Every structure is written in structure tokens, then in C-alpha cells.
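[1] fold the stuff below for me.
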Amino acid sequence: MARRKRGRQYYSRWYDYYLRQLIELSLTVYKWDGLPETVDPRFLEKQLMQYGKIVFVNSPTLGYVTLQVTETGKIDQYFTPTERYAIAPNLMSLADIKFDTTDSVMIYNNYQRVPDLPSLQLFAEELADNRATMHVNVQAQKMPKVFTTNDKKKLSAMNVVSQMDQYEPVIIADGELGLGKNDVMDTSSAYVVDKLDAHQKNIWNEVMTFLSINNGNQDKKERVQTAEVNANDSQVITMGLARLKARQDAAERINKMFGLHITCTLREQEYQKENGGEDNGDLHSPASQTD
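    Numbering: from 1, shown residues only. Below you'll find the model as predicted:
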């Protein structure tokens, strides 16, 4: 039971590690510009990742803020609730809590209006499970062979094993020692860590694509063709646009309602523009990944 508990703890530690990494990455995918100083982009993205929605309001007490929200009230022709109740520990008056479509804007994580956290948890489970399996396979490589003998011959058998451990080229043993082929139980396991490692990279690349993070040249041992890189880039950009459009639609409505100038872009695209893309040998450019 103790060994089983340790194995479960090992898996749980890797699960926590991967989930933390994926959440951290998810919070940095999008870049907001023009937000009022009272709006925390980290909290904004965290709410979208965790709950799939957040509300932008001009609070009488807090000013411009994005707050955790519960949607309620009547639904419109698009089955969208028309009232919103903001949630925060320092909201005191009803004016700080109750809003509707005339004085607030909902920001959704995507067009389905669902959070990313369940998907990130699923990916973390897959990564942790595969990593724990790799650990088990490595441990299996040092599992001993089991020799069957009796108490009278036990010392002789241990001497033979000791000589094997000392790399003796020739071992002389009693013919009646009882260490024949049928007296040995082989507990060794096939070494498959390399295959599991490749599978780990495939899972990681899949979640990077889900998060809209370029992953076209993760394995330096393989030469990637331009078509493959472009196909990967297309998937990454498309996945990113699925969420980006929902954010940009919200930014447009916020700007119209409150007279602000908020924009949202993919941070990676901004990074490539700032660093010259292909001209500077950017790691994500096709030119740096082909023959």
C-alpha cells in the first residue's frame, strides 16, 4: 500500500507541475493594449481561462474594472442573459454589483463561451500519466532476476550473483547448484522510454497548438519541411484566432460604450513583428526550419 501511495504521489506531483505550466502559458498568449490602469490583464485572462467569461464595467467605487460575473435576468433573441451581477470582495453598493447590457460588456473566452481549464487539466493528466509511465519503465530496467534454489545452496547462489556483479568473465559453479534456465525468473521489462518520450513531445505539441503557441520545430533531430511548418503555423494561428476574435469583439463593444481604445492581439505575432520575423532568423519562421 505504501508503494502504491508513493506512486500516486509521484503522478500527482507531475500533474500539478504540468497544470501550473500550462496555466502560466495560457495567461500569456494574448496581449491587451489600451486597458485602463485599474484593469488587471492577468486577472482578466485568468477569469477567462478558469470560467470562460468576465464583465467589463465602470464601477462607481472602483472605476473601470473587469470582474468575475454571474449572468442572469431575461434572455434576448440570441439566448444571452441581459443582466450581470459582478462578484468581488470590495463591492458594497448595488450600483457596483448589478449591471446590464446598457452599462457593461461581457468578455468571453471563445465563441462557445467555455473555459480552457478543463482542457488544460486533461492535457496535464495525459502528460503526467505518460511521465509516470516513463518512470516505471526506467525503474523496471533495474529489476533483478529471481533464482530458485534451497537453503543449502543459497550461499553458493549468492556468490555466483556476486561474481556476475563484479564483471567476472568466467564463473565456475557447482553443477548441482540449481541455476539452470528453468530455475531463473526474468522480471526485466523492455526499454520503451524513447518511445514514451516521443509520445510526450506529441502531447506537448498538441497542447501548444491548443494554446496557439508555435511548436513546429520542437524536435531538433528531425528536419522539418516548409510545408509541414506552414501547416503547423496555420493550425496554431487558427486556434489562436478562435479565442482572439471573441476578445476583439468585446474590445470593440467596450470602446464604443466607454470611449476607450482597447486592442487585443496574439502576443506571439507581436513578438515576431518586433523581432523582424524571418529576416532575423526567427525560430518560428519557416526559413529557419528547412533545408
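[2] beyond the lowest-mean-pLDDT helix or strand in the chain, next helix or strand please.
    Ranked by mean pLDDT, DSSP states H and E, the weakest helix or strand in the chain is strand 184-185, scoring a mean of 64. Next helix or strand after strand 184-185 toward the C-terminus (DSSP states H and E): helix 193-210.
[3] mind giving me the packing neighbours of the helix or strand just after that next one?
    Using DSSP H and E, the next helix or strand after helix 193-210 towards the C-terminus is helix 226-258. Secondary-structure packing of helix 226-258 (3 or more C-beta pairs under 8 Å, 6 or more residues apart in numbering; DSSP states H and E): strand 30-33, strand 53-59, strand 104-108, helix 193-210, strand 263-266. Placement of C-beta: from N, CA and C, glycine included.
[4] out of these, which comes closest to residue 157?
    helix 193-210 (31.2 Å; C-beta to C-beta).
[5] which non-adjacent residue is nearest residue 120?
    Spatial nearest neighbour of residue 120, chain neighbours left out: residue 22 (4.5 Å); criterion: C-beta to C-beta, 6 or more residues apart in numbering.
[6] repeat that for residue 60.
    residue 95 (5.0 Å).
[7] what about the stretch 1-150 of the chain, any weak spots by pLDDT?
    Applying pLDDT under 70 to the stretch 1-150 of the chain flags the ranges 1-7, 143-147.
[8] in it, which spans are strands?
    Assigned by DSSP state E, counting those that start in this stretch, the strands in the stretch 1-150 of the chain fall at 30-33, 53-59, 63-75, 81-87, 98-100, 104-108, 146-147.
[9] what does the second one contact?
    Okay, so that is strand 53-59. 39, 44, 47-48, 64-69, 71, 84, 86, 91, 95-96, 99, 103-109, 113, 250, 254, 258 (C-beta atoms under 8 Å, 6 or more residues apart in numbering).
[10] one step back: dump the helices and strands packed on helix 226-258 to JSON lines, plus distance to residue 159.
    Output for the helices and strands packed on helix 226-258, formatted as JSON lines (distance: least, C-beta to C-beta, whole Å):
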{"stretch": "strand 30-33", "distance to residue 159": "68"}
{"stretch": "strand 53-59", "distance to residue 159": "72"}
{"stretch": "strand 104-108", "distance to residue 159": "73"}
{"stretch": "helix 193-210", "distance to residue 159": "33"}
{"stretch": "strand 263-266", "distance to residue 159": "68"}
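[11] nearest to residue 141, out of those?
    Here helix 193-210 is closest among those (C-beta to C-beta), at 8.6 Å.
[12] in stretch 142-158, what's buried?
    147, 149, 153, 156-157 (16 or more other C-beta atoms under 10 Å).
[13] so who does the residue nearest to residue 23 when sequence neighbours are not counted touch?
    Excluding the flanking residues, the one nearest residue 23 by C-beta to C-beta, 6+ apart is residue 120, at 6.2 Å. Contacts for residue 120 (C-beta under 8 Å, 6+ apart) come out as 19, 22-23, 26, 49, 207.
[14] just the ones of these in helices?
    19, 22-23, 26, 49, 207 (DSSP state H).
[15] picking that back up, drop anything exposed from the contacts of strand 53-59.
    39, 44, 47-48, 64-69, 84, 86, 91, 96, 99, 104-109, 250, 254, 258.
[16] ok so, going back, could you point out which of the ones in helices among the contacts of residue 120 is nearest to residue 132?
    residue 19 (14.4 Å).
[17] counting neighbours, what do you get for the closest one?
    18 (other C-beta atoms under 10 Å).
[18] just checking, it touches residue 121?
    Yes - here residue 19 lies in contact with residue 121, judged by C-beta atoms under 8 Å, at a distance of 6.3 Å.
[19] joint contacts of those two?
    With contacts defined as C-beta under 8 Å, 6+ apart, no residue is shared by residue 19 and residue 121.
[20] circling back to that earlier point, which of the contacts of residue 120 sit farthest apart?
    49 and 207, at 13.4 Å, using C-beta to C-beta across these.
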